[in-house]
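Participant: structure for the following, please:
(one chain, ligands or ions: 4)
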Amino acid sequence: MKLKFGTVEENVVTREEFPLEKAKETLKDEVIAVLGYGVQGPGQALNLKDNGFNVIVGQRKNSKTWDKAVEDGWVPGETLFELDEAAQRGTILQYLLSDAGQIALWPTVKKHLTPGKALYFSHGFGVTYKDKTGIVPPSDVDVILVAPKGSGTSLRRMFVEGRGLNSSYAIYQDATGKAKDRVVALGIGVGSGYLFETDFYREVTSDLTGERGTLMGAIQGIFAAQYEVLRANGHTPSEAFNETVEELTQSLMPLVAENGMDWMYANCSTTAQRGALDWWKPFRDATKPVFEELYSSVKEGKEAVKSIDSNSKDDYRAKLEGELQELRESEMWQAGAVVRKLRPENN
Ligand SMILES: NC(=O)c1ccc[n+]([C@@H]2O[C@H](COP(=O)([O-])OP(=O)(O)OC[C@H]3O[C@@H](n4cnc5c(N)ncnc54)[C@H](O)[C@@H]3O)[C@@H](O)[C@H]2O)c1
Ligand SMILES: CC(C)(O)[C@@H](O)C(=O)O
Ligand SMILES: [Mg+2]
Ligand SMILES: [Mg+2]
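Facilitator: Numbers count the residues shown, from 1 in each chain. Ligands and ions are numbered 1, 2, ... in the order given. Next up is the predicted model:
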């Protein structure tokens, strides 16, 4: 259906419009092979299974994630296979290896993309940057995308709570004439809230921007900046952490989520409102050039190259873990660990 967001009309699909029963009917003859069991893999595979779809998982044997799949109830030889065998058995291949891992496994997956199958991504990365990934699907398969706008961990948790994470959907190639029904049915099947239309290029450029920007990179950046200023001016870690992070995640962001920024403001003092209304524009103006630089870097393909180069190295996991450790061991997040333990619900 078409729905207005402000003054702009968009194509969206809701669960009322395309109910789960219709999704199951659409995919009743398909075998959905979820390839990769990292973060999105478990979320999507388990939601699809619990929703009554025919799902198998493909994962490297003798890996921690194979063991996790077994713990999650996937049965070796019945619903859990090596990647090669799962790709052969599936009629819809959900390519949920890491974006760098997808490059390495492409020859194997391509071999099993026989006419009429569907290749499904949760990111526009592989196909958009085909010059760098080598991922060029054969012309006789559907190539579709459902990109949940959040972590696979949240996708699963929200599903279990009876909620749903929104996803975008896109069709890159419709070889069978069934691509639209297939993609929407999968989007509903993985437990999406509502689905909004995009294309592979816009999905990858917005997603890379968002995660480097307000969702992950920028938020840590402004947290660190404010925390450092408070600490440099004699405030304790407890005061600096509560005033920078804890109050935001525990008190104020839930209000923003519920009813928007103006409503959160309206539930704070007039003193706070005066200051926030005065200061949000200077913060916007100070950071906008950084967002513009970020978007250019994404658009020029530099972010994709960096990600492929670093995540294709043998020691990429250890390197990432080292950098996460640096964050974890910073004073701000050490203070956070103590503060979390002191939450009454954790006692
Ligand atoms: N993490 C998320 O919540 C999230 C959210 C939206 C979209 N996505 C997209 O979903 C896809 C999967 O992302 P993810 O974060 O779940 O992946 P991930 O980094 O957790 O990796 C998934 C799996 O790929 C395997 N793998 C990596 N390299 C491999 C190789 N060379 N051969 C075989 N297996 C290999 C890993 O062992 C892991 O089990 C990506 O396209 C990503 O951009 C992820
Ligand atoms: C969960 C995110 C950040 O939205 C996703 O884009 C990812 O790459 O993990
Ligand atoms: Mg992403
Ligand atoms: Mg994302």
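Participant: just the closest residue of the stretch 151-300 of the chain to ligand 3, please.
Facilitator: residue 207 (4.4 Å; C-beta to the ion). Using the backbone N, CA and C atoms, a C-beta is placed for each residue, glycine as well.
Participant: tally of neighbours for the residue of the stretch 1-150 of the chain found nearest ligand 1?
Facilitator: Here the stretch 1-150 of the chain gets closest to ligand 1 at one residue, residue 38, 2.0 Å apart by C-beta to the nearest ligand atom. Neighbourhood size, residue 38 [other C-beta atoms under 10 Å]: 15.
Participant: ditto for residue 274
Facilitator: Neighbours of residue 274 (other C-beta under 10 Å): 10.
Participant: can you classify it by secondary structure?
Facilitator: At residue 274 the chain is in helix, as set by DSSP: H, G, I helix; E, B strand; the rest coil.
Participant: mind checking what secondary structure the residue of the stretch 1-150 of the chain closest to ligand 1 has?
Facilitator: coil.
Participant: contact partners for it?
Facilitator: 65, 96, 97, 98, 152 (C-beta atoms under 8 Å, 6 or more residues apart in numbering).
Participant: in which helix or strand does the residue of the stretch 151-300 of the chain closest to ligand 3 reside?
Facilitator: Assessed by DSSP states H and E, residue 207 sits inside helix 200-212.
Participant: of the contacts of residue 38 - the most surrounded one?
Facilitator: Busiest of these [other C-beta under 10 Å] is residue 96, holding 26 neighbours.
Participant: show me what contacts that one?
Facilitator: 34, 35, 36, 37, 38, 40, 41, 44, 122 are the contacts of residue 96 under C-beta under 8 Å, 6+ apart.
Participant: phi and psi next, for the fifth one.
Facilitator: For residue 38, the backbone dihedrals are phi -90, psi -90 (criterion: degrees, to the nearest 10).
Participant: quick one: pLDDT of the residue of the stretch 151-300 of the chain closest to ligand 3?
Facilitator: Residue 207 carries a pLDDT value of 98.
Participant: JSON lines please, covering the contacts of residue 38 and showing secondary structure and pLDDT.
Facilitator: Shown next, in JSON lines, are the contacts of residue 38 (DSSP: H, G, I helix; E, B strand; the rest coil; pLDDT from 0 to 100):
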{"residue": "65", "secondary structure": "helix", "pLDDT": "96"}
{"residue": "96", "secondary structure": "coil", "pLDDT": "98"}
{"residue": "97", "secondary structure": "coil", "pLDDT": "98"}
{"residue": "98", "secondary structure": "coil", "pLDDT": "96"}
{"residue": "152", "secondary structure": "helix", "pLDDT": "98"}
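Participant: in a markdown table: those residues, plus distance to residue 130.
Facilitator: Below are the contacts of residue 38 laid out as a markdown table (distance: C-beta to C-beta, whole Å):
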| residue | distance to residue 130 |
| --- | --- |
| 65 | 27 |
| 96 | 18 |
| 97 | 16 |
| 98 | 17 |
| 152 | 25 |
